[in-house]
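Q: Here is my input; please provide its structure:
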Amino acid sequence: MWPWPEPRRTRWQEREFVVRCTAGLQQRRARWLDIDRQCARRLHRGAERMLLLRLLVVASRLGDGGLWYALMLVLPWLGSPEGLVCTLQMGAAGTLNVVLYRWVKLRTGRERPCVDCPDIRACAKALDRYSFPSGHTLHAVSFSLLLSWHYAAWAPLAWAFTLLVAASRVVLGLHYPSDVVAGALTGFVTAGLLLGLWPW
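A: Sure, this is the predicted structure:
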């Protein structure tokens with residue numbers, strides 16, 4: 001014997017179901033945002049340590065682009081064709097990353113923690129207005145992955161610098177931890193796609 005079919009929901013029941021689901025999602029989102037803010041506040045306390053603050057300010061400034069541009073200029077002159085390939089890949093990744101993260105920033109419009117949280121101050125100058133995702137982390141991860149692919153011996157130094165850049169963005173009050181995580185994941189994806197399409 002076949003089971004009786006379940007009665008169809010009325011429009012009112014469907015509407016009520018959608019409202020309940022939406023409310024649940026909003027509660028979860030609010031909880032995650034609160035955890036994100038709490039983590040940002042805790043990590044920002046690192047700015048009270050002067051030596052750490054100076055180190056992270058330097059890392060953040062180098063992550064503005066100066067170090068990466070210098071590397072792209074030097075790599076072709078290292079005596080192997082791989083240097084030129086790495087430079088071209090870094091240029092392509094940088095262009096793609098800038099377009100991508102600026103588009104996402106304008107769509108999300110998330111203010112920086114130094115704007116939204118009274119107890120968090122900006123310890124360095126922000127290059128643009130919005131927070132999500134972290135462009136510094138995105139570029140650092142993307143470029144470090146490309147450098148590690150071509151120059152394995154440079155990998156420890158590149159990734160150590162990338163960790164400093166990522167930490168600096170939160171400690172200096174310019175990003176939430178989720179901004180940094182999103183930037184890192186995006187950087188892995190863009191560099192990985194580029195290496196998949198152009199591995200040599």
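Q: Could I get the phi/psi values of the nearest residue to Thr186 once chain neighbours are set aside?
A: Among residues not flanking Thr186 along the chain, Leu138 sits closest, at 5.1 Å (Cβ to Cβ, 6 or more residues apart in numbering). C-betas here are computed from N, CA, C, even on glycine. When read as degrees, to the nearest 10, the backbone of Leu138 gives phi -60, psi -50.
Q: low pLDDT regions in this protein?
A: 1-25, 79, 199-200 (pLDDT under 70).
Q: repeat that for 50
A: 1 (pLDDT under 50).
Q: what about the helices in it?
A: 11-44, 50-61, 67-74, 81-108, 113-116, 135-150, 155-171, 177-197 (DSSP state H).
Q: got the contact list for the last one?
A: Yep, that's helix 177-197 we're talking about. Applying Cβ atoms under 8 Å, 6 or more residues apart in numbering, the external contacts of helix 177-197 come out as 32, 36, 39-40, 43, 89, 92-93, 96-97, 100-101, 110, 131-143, 145-146, 149, 166, 169-170.
Q: Take those residues and, keeping just the buried ones, write it as a PyMOL select command.
A: Command for PyMOL, covering only those of the contacts of helix 177-197 found buried under the criterion 16 or more other Cβ atoms under 10 Å:
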select buried, resi 36+40+43+89+92+93+96+97+100+101+110+131+132+133+134+135+136+137+138+139+140+141+142+143+145+146+149+166+169+170
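Q: Redo the helices of the chain as TSV? Include distance to Ala122.
A: Listed next are the helices of the chain as TSV, based on distance: least, Cβ to Cβ, whole Å:
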stretch	distance to Ala122
helix 11-44	10
helix 50-61	11
helix 67-74	21
helix 81-108	17
helix 113-116	4
helix 135-150	14
helix 155-171	11
helix 177-197	14
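Q: I appreciate the help and will end here.
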